[in-house]
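K.L.:
Predicted model and sequence follow; I will ask about them next.
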Amino acid sequence: MATDTIQFVNLPGVFARMEENGLASPLPLLGERTLVLGTSSKGRSGLYVASNSTTTASEFGTSTLVRGMYETAQGGAPLIILYRLGATAAKLQHIGDSLGVEGYTIQTYRLDDDAGTVYTVYYDDTTDHLVVFNALTGLVVYDNEPSPVLDRGEVIVAGSRAIAGGPDIGLLSSGTPMAEVVAAGTIYTPGTDGTNPSRMKLYEFLDIAYRALVVERFDYIVPMDIYLDDKNIVDGDSFSSTYITSITGGDDYPIAGSSDDILGKLYIETYHGKRYYFWDLNGDGHAELYPAGIGHASSTLKISGESLDIADFHEVNFAYQLAWFSHRVSVNNNIALGSIGVRPPESYLPEDIAVWLGDAPTFTTQDDGTRKINSIADNGNGLLGNKFHGGNFSWRGGLAYGGMPLTDGEFPDGIEVEDDNGYPIDLGRYLSTIAAFGQLYNPAEPTGRGYVTTLAPLYMGFVASLDEQQAPTNQIINSVHKVFNLEVDQVDTLAGLGYVFFFEKPRGMTISDSPSSAMPTSDYRRLTTMRIVKRCMKVVRTAANPFLGKSFNDGRKQACQNAIDSALDKLLVAGYIKRKEAFLTQTPRQATVGEARLELLLVPAFELRRITTFINLRPT
């Protein structure tokens with residue numbers, strides 16, 4: 001409650017009350033949800049609503065996570081959710097058990113490499129008295145002696161004293177830092193920040209996050225610091241032999257940004273509910289990186305003790321991983337769309353930009369009418385030759401434009417899955433691949449000099465701000481300063497292969513086109529189509545949801561059909577779709593198991609993309 005006093009209590013007037021914190025950059029809290037995933041040197045785990053940029057920056061510090069918040073907000077994202085990757089808690093096990101088997105376990109909620117020094121421990125084995133202090137605040141955060149137990153929610157304490165007679169820890173006045181406890185039987189595991197991970201470690205971080213988040217609802221997904229064309233041994237990049245031969249213990253990941261910071265081939269094994277990662281770095285079917293000390297895990301053995309085989313290891317790619325996650329969210333909850341950037345050119349000199357752009361493959365029309373790449377010599381290179389966008393002789397039989405098909409596993413090299421009509425399911429429909437870079441100015445670079453980065457996060461934030469009927473195509477982005485331009489024919493080629501580019505027009509920095517990363521043959525090639533379908537699915541889910549869990553007799557079936565028709569009719573009137581047909585059916589067998597089928601035919605209001613002007617001259 002305000003405590004300042006208005007001078008006049010009886011006279012009318014206009015009075016000034018100057019409130020604080022109005023410059024703290026409040027962010028909107030309504031609208032579609034944009035999920036940003038990134039690393040940070042501090043801050044909480046779990047989902048975090050970025051309601052205030054200043055508070056959020058203070059919570060997480062300088063990080064890719066906060067940079068993603070600023071960039072998506074700069075694009076216009078109406079509601080931003082942050083998720084911190086890679087950080088782990090500090091853990092101290094077997095307190096009160098000198099044999100190191102049972103006893104108490106203390107685990108911090110704080111996910112940082114300093115968590116083990118922030119929290120200190122006192123333990124008296126004779127009285128079984130356990131106290132945990134926060135050294136930064138000086139407060140007791142856990143004490144098992146009061147009744148009920150004092151617990152401020154900063155640590156998790158589990159277990160109990162195994163048997164009296166074990167070692168004591170620390171002083172009751174202050175305790176001993178968790179990281180410095182050396183009592184017999186105890187095992188300390190330090191917390192980690194997870195900042196600046198290698199490519200393979202970042203892939204693991206995202207794998208863990210995606211599986212934790214698949215049950216959540218998001219509209220747009222922006223993982224930071226990943227690229228379509230990250231180095232990959234499947235694409236011909238290689239680790240140095242000196243690096244491979246120097247690995248000891250199976251856990252020496254490459255230094256982030258080094259020449260060996262490459263994606264290998266991956267085998268994942270689940271053991272006691274946790275996923276463990278084995279990386280083959282040279283394609284020999286042996287794991288140069290593996291979870292040392294877990295079961296039988298070694299370079300040649302799985303945790304279970306079975307032999308590793310070359311067929312156990314799979315190709316991984318950040319774009320495919322994101323598309324696969326988006327697909328799972330879309331099937332289970334609501335359609336979620338992601339964005340990913342590409343690696344920048346070596347420099348912005350014309351010759352380096354030309355190498356970065358590359359050449360498109362040569363396509364040949366086959367007897368059956370399909371277009372393919374007939375030989376290795378017909379492969380492209382650079383962005384235009386990327387196998388997911390341009391195609392490659394060794395990818396999907398040389399099919400033109402490549403594509404990202406859903407497979408029977410979670411990796412691109414599995415057996416392709418087809419829809420009910422017999423067509424491969426193109427995961428590229430869920431992605432926007434951004435080939436543009438720009439110079440941005442925001443508090444992520446506090447010096448005010450700005451920084452150059454991929455525009456993938458900003459683009460997705462901009463998309464989130466638009467009505468579904470409005471495509472990003474030809475829209476002006478005032479907050480971006482160009483780094484380099486391409487010739488119009490080059491931008492045209494990029495658009496034809498499913499890339500989004502920003503280029504300078506007389507009226508400002510403009511989004512060239514807004515395709516999804518689906519193949520040109522896909523019905524879902526246009527981002528606007530995906531967003532209109534997304535809107536339709538949202539209203540259908542909302543209309544049908546009240547009928548779930550109730551008996552589905554003929555009357556309720558008709559009521560459900562009417563609710564769906566009514567919801568879609570509103571979109572028809574509003575201009576999102578031109579035509580719709582919805583048929584709700586239920587066979588006797590479906591009725592016995594509580595299922596129904598909705599056949600939905602939609603004609604979206606396709607965006608206007610080109611006006612051709614025909615000019616004729618006449619004599620006077």
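P.N.:
Sure thing, it's come through. Numbers count the residues shown, from 1 in each chain.
K.L.:
can you pull out the strands in the stretch 251-400 of the chain?
P.N.:
With strands called from DSSP state E, counting those that start in this stretch, the stretch 251-400 of the chain shows them at 265-271, 274-280, 337-341, 364-365, 371-372.
K.L.:
low pLDDT regions in the protein?
P.N.:
Judged by pLDDT under 70, the chain has its weakly predicted residues at 1-30, 607-613, 615-617.
K.L.:
centroid residue for it?
P.N.:
Pro223 (3.8 Å; CA atoms, centre = their mean).
K.L.:
Let me see the contact set for the closest residue to that one other than its chain neighbours.
P.N.:
Nearest residue to Pro223 in three dimensions, chain neighbours excluded: Leu37, at 4.6 Å (CB to CB, 6 or more residues apart in numbering). Every C-beta, even on glycine, is put in place using the N, C-alpha and C of the backbone. Contact analysis of Leu37 by CB atoms under 8 Å, 6 or more residues apart in numbering lists 65, 68, 82-83, 85, 206, 209, 221-224.
K.L.:
quick one, phi/psi of Leu37?
P.N.:
With angles defined as degrees, to the nearest 10, Leu37 sits at phi -110, psi 130.
K.L.:
Next one: it relative to Val121, how far apart?
P.N.:
Distance of Leu37 to Val121, given as CB to CB, to the nearest Å: 33 Å.
K.L.:
returning to that earlier point: from the contacts of Leu37, pick the one nearest Asp554.
P.N.:
Nearest to Asp554, judged by CB to CB, of those is Ile221 at 40.8 Å.
K.L.:
if I look at that closest one, how far off is Ile169?
P.N.:
According to CB to CB, Ile221 and Ile169 sit 44 Å apart.
K.L.:
Give the helix, strand or coil label for Thr242.
P.N.:
Secondary structure state of Thr242, per DSSP: H, G, I helix; E, B strand; the rest coil, is helix.
K.L.:
Return the distance of it relative to Arg328.
P.N.:
Distance of Thr242 to Arg328, given as CB to CB: 39 Å.
K.L.:
all helices for the stretch 301-450 of the chain, in order.
P.N.:
Here the stretch 301-450 of the chain has its helices, by DSSP state H, counting those that start in this stretch, at 318-332, 350-357.
K.L.:
distance between the ends of stretch 176-192?
P.N.:
Its start and end residues considered, stretch 176-192 measures 20 Å (CA to CA, to the nearest Å).
K.L.:
ok so, going back, got JSON lines for the contacts of Leu37, with distance to Gly338 too?
P.N.:
Shown next, in JSON lines, are the contacts of Leu37 (distance: CB to CB, whole Å):
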{"residue": "Leu65", "distance to Gly338": "16"}
{"residue": "Gly68", "distance to Gly338": "13"}
{"residue": "Leu82", "distance to Gly338": "16"}
{"residue": "Tyr83", "distance to Gly338": "13"}
{"residue": "Leu85", "distance to Gly338": "15"}
{"residue": "Leu206", "distance to Gly338": "11"}
{"residue": "Ala209", "distance to Gly338": "13"}
{"residue": "Ile221", "distance to Gly338": "4"}
{"residue": "Val222", "distance to Gly338": "7"}
{"residue": "Pro223", "distance to Gly338": "7"}
{"residue": "Met224", "distance to Gly338": "12"}
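K.L.:
Return the member of the residues you listed nearest to Lys534.
P.N.:
Of all the contacts of Leu37, Lys534 sits closest to Ile221, with 13.0 Å by CB to CB.
K.L.:
Run a quick neighbour tally on the residue nearest to that closest one when sequence neighbours are not counted.
P.N.:
Take Ile221 and drop its neighbours on the chain: the residue closest to it by CB to CB, 6+ apart is Gly338, 4.0 Å away. Residues near Gly338, counting by other CB atoms under 10 Å, number 25.
K.L.:
Surely Gly338 touches Arg328?
P.N.:
No - counting by CB atoms under 8 Å, Gly338 stays clear of Arg328, with 11.7 Å between them.
K.L.:
Tally up the residues packed near Asn196, please.
P.N.:
Neighbours of Asn196 (other CB under 10 Å): 15.
K.L.:
Tell me who's in contact with it.
P.N.:
39, 256-257.
K.L.:
What of Arg199?
P.N.:
By CB under 8 Å, 6+ apart, the residues touching Arg199 are 230-231, 254, 256, 261-263.
K.L.:
Nearest to Gly75 among the residues you listed?
P.N.:
Checking those against Gly75 by CB to CB gives Asp230 as the nearest, at 23.0 Å.
K.L.:
distance of Pro177 from Val121?
P.N.:
Note on Pro177: its distance to Val121, by CB to CB, is 8 Å.
K.L.:
Compare these two and say which one has the larger neighbour count.
P.N.:
Shown here are Pro177 and Val121; by other CB under 10 Å, Val121 has more neighbours (24 against 20).
K.L.:
how would you label that one: helix, strand or coil?
P.N.:
Put simply, Val121 is strand when judged by three-state DSSP.
K.L.:
Who is it paired with across the strands?
P.N.:
When bridges are called by DSSP bridges, Val121 pairs up with Val132, Thr176.
K.L.:
ok, now which ones touch it?
P.N.:
92, 95, 106, 130-133, 169-170, 175-178, 181.
K.L.:
Now tabulate those in CSV and tack on distance to Tyr348.
P.N.:
Formatted as CSV, the contacts of Val121 follow (distance: CB to CB, whole Å):
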residue, distance to Tyr348
Leu92, 51
Ile95, 57
Ile106, 52
Leu130, 59
Val131, 59
Val132, 53
Phe133, 53
Ile169, 58
Gly170, 57
Gly175, 55
Thr176, 54
Pro177, 49
Met178, 49
Val181, 53
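K.L.:
Tell me the one among the residues you listed nearest to Gly191.
P.N.:
Using CB to CB, Met178 is the member of the contacts of Val121 that lies nearest Gly191, at 9.2 Å.
K.L.:
isn't that closest one right up against Gln107?
P.N.:
No - taking contacts as CB under 8 Å, Met178 lies outside contact range of Gln107: 9.7 Å.
K.L.:
out of these two, which sits in the more crowded spot?
P.N.:
Between Met178 and Gln107, counting by other CB under 10 Å, Met178 is the more crowded of the two (28 against 20).
K.L.:
The more buried one and Pro148, how far apart?
P.N.:
24 Å.
K.L.:
Please list only the buried members of the contacts of Asn196.
P.N.:
By neighbour count, with 16 or more other CB atoms under 10 Å, the contacts of Asn196 hold Thr39 as buried.
K.L.:
Among the contacts of Asn196, which lie within helices?
P.N.:
Nothing among those maps onto helices, per DSSP state H.
K.L.:
wait, which of the contacts of Asn196 is closest to Lys538?
P.N.:
Each of the contacts of Asn196 was checked against Lys538 using CB to CB; the closest is Thr39, at 31.5 Å.
K.L.:
what sits against the closest one?
P.N.:
With contact set as CB under 8 Å, 6+ apart, Thr39 has these partners: 63-65, 84-87, 193-197, 205, 224-225.
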